[in-house]
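> sharing a model prediction with you, sequence too.
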Amino acid sequence: VQLVESGGGLVQPGGSLRLSCAASGFTFSSYVMGWYRQAPGKARELVATISNSGGGVNYADSVKGRFTISRDNAKNTVYLQMNSLKPEDTAVYYCYRLPSFGLGGYWGQGTQVTVSP
């Protein structure tokens, strides 16, 4: 199993970034996927999840209306479009395969997002 995030970086407040997570080593279309984040000194928190088909999504209240999670099962990739970014969105963002079929969850290595003037 491998989850490789990309797309992080430095952006000014109000800007946008699109994160990607390329998955391999498992049947991607069978799993619920998610994005989590961890800011310095804080616990890792849920940002968004998406059902295996893409028809069901869930967001943290702090990102509703600004972030959009999506997936392309043909490309084994899950995305996080982040708009209207705020300094408090600064964190390491992790791609996560949620537990299913008796298997545990699996984390990517993370990608840094920094929102600063």
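Yep, that arrived.
> now do the phi/psi pair for residue 89.
Recorded main-chain torsions at residue 89 are phi -80, psi -10, according to degrees, to the nearest 10.
> ignore the last one, residue 29
Dihedral angles of residue 29 (phi, psi; degrees, to the nearest 10) stand at phi -70, psi -10.
> wait, isn't it in contact with residue 75?
No - with contacts counted by CB atoms under 8 Å, residue 29 stays clear of residue 75, the gap being 10.8 Å. (C-beta placed from N, C-alpha, C; glycine too.)
> excluding its backbone neighbours, what's nearest the residue nearest to the spatial centre of the chain?
Closest to where the C-alpha atoms of the chain average out (CA atoms, centre = their mean) is residue 35, at 2.7 Å. Nearest residue to residue 35, sequence neighbours excluded (CB to CB, 6 or more residues apart in numbering): residue 47, at 4.3 Å.
> the one you found: what's it in contact with?
The neighbourhood of residue 47, defined by CB atoms under 8 Å, 6 or more residues apart in numbering, consists of 34, 35, 36, 37, 59, 60, 63, 67, 69, 80, 93.
> which of the residues you listed sit farthest apart?
Farthest pair in the contacts of residue 47 (CB to CB) is 59 and 93. Separation: 14.0 Å.
> the more surrounded of the two?
Taking neighbours as other CB atoms under 10 Å, residue 59 and residue 93 compare with residue 93 leading, 23 against 18.
> so that one sits against residue 36, correct?
Yes - using CB under 8 Å as the test, residue 93 is close enough to residue 36 to be in contact (7.4 Å).
> isn't residue 117 up against residue 10?
No - taking contact to mean CB under 8 Å, the distance of 10.4 Å between residue 117 and residue 10 leaves them out of contact.
> between the two, tell me which one has more neighbours.
Relative neighbour count places residue 10 above the other of residue 117 and residue 10, with 12 against 6, counting by other CB under 10 Å.
> hmm, that one is touching residue 114, no?
Yes - using CB under 8 Å as the test, residue 10 is close enough to residue 114 to be in contact (4.7 Å).
> circling back to that earlier point, and the residue nearest to residue 35, that's in a helix?
No - per DSSP: H, G, I helix; E, B strand; the rest coil, residue 47 lies outside any helix segment and is strand.
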